[in-house]
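predicted model and sequence follow; I will ask about them next.
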Amino acid sequence: CVSASPAASAAPMAAFGYPPALNRVRNDLLALTRRSTTRHILLPRSVGSDAVLTLKQNIRNRVSASKKTKSSHDSNESKEEGKGEFIIDAFSSAAQRFSIDKDTASNGGLLGELVPQGYLSACPELDRACFTEPLGEICGPIESDFGYHLVLVCARTNCPKLDGVYTRVIRGDDGVTAELAPPDGGEKSFERELVDFSLGQIGFWIATAFAGGLVAEL
């Protein structure tokens with residue numbers, strides 16, 4: 001007789017995908033749990049888009065000539081030696097110098113650490129860019145009511161169609177090269193994401209009920 005391989009029998013869903021109903025739940029869960037760490041540089045409309053593109057190119061010129069690898073664990077991809085700056089350092093320095101968003105400029109244009117989708121609802125164009133622009137690339141100019149934005153997505157979770165297994169930009173061994181890496185502890189499975197999300201929701205409602213009881217006693 002012919003036996004099924006342990007790998008094939010252990011993970012049938014991996015081979016055939018999730019059932020449609022479960023796939024909808026999975027997509028909804030991913031949408032609810034997306035997070036992004038993004039930096040931006042805001043420039044006034046008065047400077048014109050050409051000036052923004054010039055600044056974008058100047059930042060790129062300061063970045064290392066080394067080629068960015070697809071994975072911090074991939075040793076097969078060649079690198080070109082070059083002098084320059086780590087992309088996040090170069091972008092942060094430019095934000096401190098040129099950005100007119102005073103709330104973020106002093107912190108290198110940082111919009112927040114792993115903030116949820118919708119966090120920047122006051123600027124929908126910028127909020128959208130945090131979850132649609134390529135990870136680890138200087139993007140823009142993006143025009144909004146506030147002016148022109150240059151954007152650098154430094155880390156992002158639960159966007160597998162866009163990022164694959166990679167979720168963050170890290171500094172390479174040479175201190176300059178930018179590499180895309182998976183999350184610490186490896187990629188979370190859908191089942192683990194579902195458990196984590198459910199536990200978070202349970203904790204939220206327990207805390208809400210407890211707080212409600214305290215208010216009622218007062």
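Alright, I've got the coordinates. Residues are numbered from 1 along each chain as shown.

which stretches in the protein count as strands?
Using DSSP state E, the strands of the chain run over 35-43, 115-116, 138-144, 147-157, 168-171, 178-181.

and the last one, what does it pack against?
By that I understand strand 178-181. strand 168-171 (3 or more CB pairs under 8 Å, 6 or more residues apart in numbering; DSSP states H and E). Yep, even glycine has a C-beta here, placed from its N, CA and C like the rest.

now swap in the first one and tell me
With contacts defined as 3+ CB pairs under 8 Å, 6+ apart, the secondary structure elements packing on strand 35-43 are helix 49-62, helix 87-98, helix 102-105, strand 115-116, strand 147-157.

average pLDDT for that strand?
Averaging pLDDT along strand 35-43 yields 97.

next: the third one.
Per-region confidence: strand 138-144 scores 98 on mean pLDDT.

and what of stretch 126-133?
Stretch 126-133 comes out at a mean pLDDT of 96.

okay, it in CSV with CA atoms only?
Extracted in CSV, the C-alpha atoms of stretch 126-133 (Å, rounded to 0.1, in the frame of the first residue of the first chain):
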residue,chain,number,x,y,z
LEU,A,126,-0.9,59.1,3.9
ASP,A,127,-2.8,56.4,5.7
ARG,A,128,-3.3,54.5,2.5
ALA,A,129,0.4,54.8,1.5
CYS,A,130,1.4,53.1,4.8
PHE,A,131,-0.3,49.9,3.6
THR,A,132,0.2,50.1,-0.2
GLU,A,133,3.7,51.4,-0.9
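
in a markdown table: the helices and strands packed on strand 35-43, plus distance to residue 122 and mean neighbour count.
Compiled in a markdown table, the helices and strands packed on strand 35-43 are given as follows (distance: least, CB to CB, whole Å; neighbours: other CB atoms under 10 Å):
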| stretch | distance to residue 122 | mean neighbour count |
| --- | --- | --- |
| helix 49-62 | 21 | 15 |
| helix 87-98 | 19 | 20 |
| helix 102-105 | 11 | 14 |
| strand 115-116 | 13 | 16 |
| strand 147-157 | 13 | 23 |
